[in-house]
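S.K.: just coords:
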């Protein structure tokens, strides 16, 4: 786990603004995104939403996210407001959900409860599992860990 000193020294904006993947086996943060190709994108604690929006814009996923947003908001008050030209104008408002739906893995500490969790739509592919394992090893999560798998999440007790 990162020490309090290290957390204060690292800038969250540094993780979020970097749109290139971390080098294999050299991770800036234990929190981030794993692409379907197994690339790790650090985002720091609490940076998943902003990083997902920036990645979606960087990867030019505007059309796909617009279709996804329309599909998930259909028949909801948010969808009705958006059709009426009201509500949030952020085209990447559902980027986080879109990335997970598209096969990306979000690695975070769910509810800040001491469990590092990988959230994905289905099982991780081999490249994602390999990257996740490298990250866990770098941050020493593999020592005395408990692993649970429910088909959609892997939780590693830290």
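M.R.: Thanks, I have the structure now. Fair warning: this is a prediction, and the values are worked out from it, not measured in the lab. Residues are numbered from 1 along each chain as shown.
S.K.: what about the helices in the protein?
M.R.: Under the criterion DSSP state H, the chain contains helices at 4-9, 12-17, 48-58, 62-73, 77-83, 95-101, 126-138.
S.K.: Run through who's touching the fourth one.
M.R.: The reference is to helix 62-73. Residues outside helix 62-73 that contact it (Cβ atoms under 8 Å, 6 or more residues apart in numbering): 56, 79, 82, 91-95, 97-98, 101-102. The C-beta positions use only the backbone N, C-alpha and C, and glycine is treated the same way.
S.K.: what do you get if the cut-off is 6 Å, keeping everything else the same?
M.R.: By Cβ atoms under 6 Å, 6 or more residues apart in numbering, the residues outside helix 62-73 that reach it are 56, 79, 94, 98.
S.K.: what's the lowest-pLDDT member of these?
M.R.: The pLDDT minimum for these sits at residue 79, where the score is 78.
S.K.: which residues touch that one?
M.R.: By Cβ under 6 Å, 6+ apart, the neighbours of residue 79 are residue 73.
S.K.: Dump the helices of the chain into CSV; add distance to residue 38 as well.
M.R.: Below are those laid out as CSV (distance: least, Cβ to Cβ, whole Å):
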stretch, distance to residue 38
helix 4-9, 25
helix 12-17, 19
helix 48-58, 15
helix 62-73, 21
helix 77-83, 34
helix 95-101, 14
helix 126-138, 3
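S.K.: Averaged pLDDT, stretch 65-76. What do you get?
M.R.: On average, stretch 65-76 scores 86.
S.K.: Now that stretch: buried residues?
M.R.: 65, 68-69, 73 (16 or more other Cβ atoms under 10 Å).
S.K.: Of these, which pair is most distant in space?
M.R.: Greatest spatial distance among the buried residues of stretch 65-76 (Cβ to Cβ): 65 and 73, at 11.8 Å.
S.K.: Just give the number of residues close to residue 89.
M.R.: 8 (other Cβ atoms under 10 Å).
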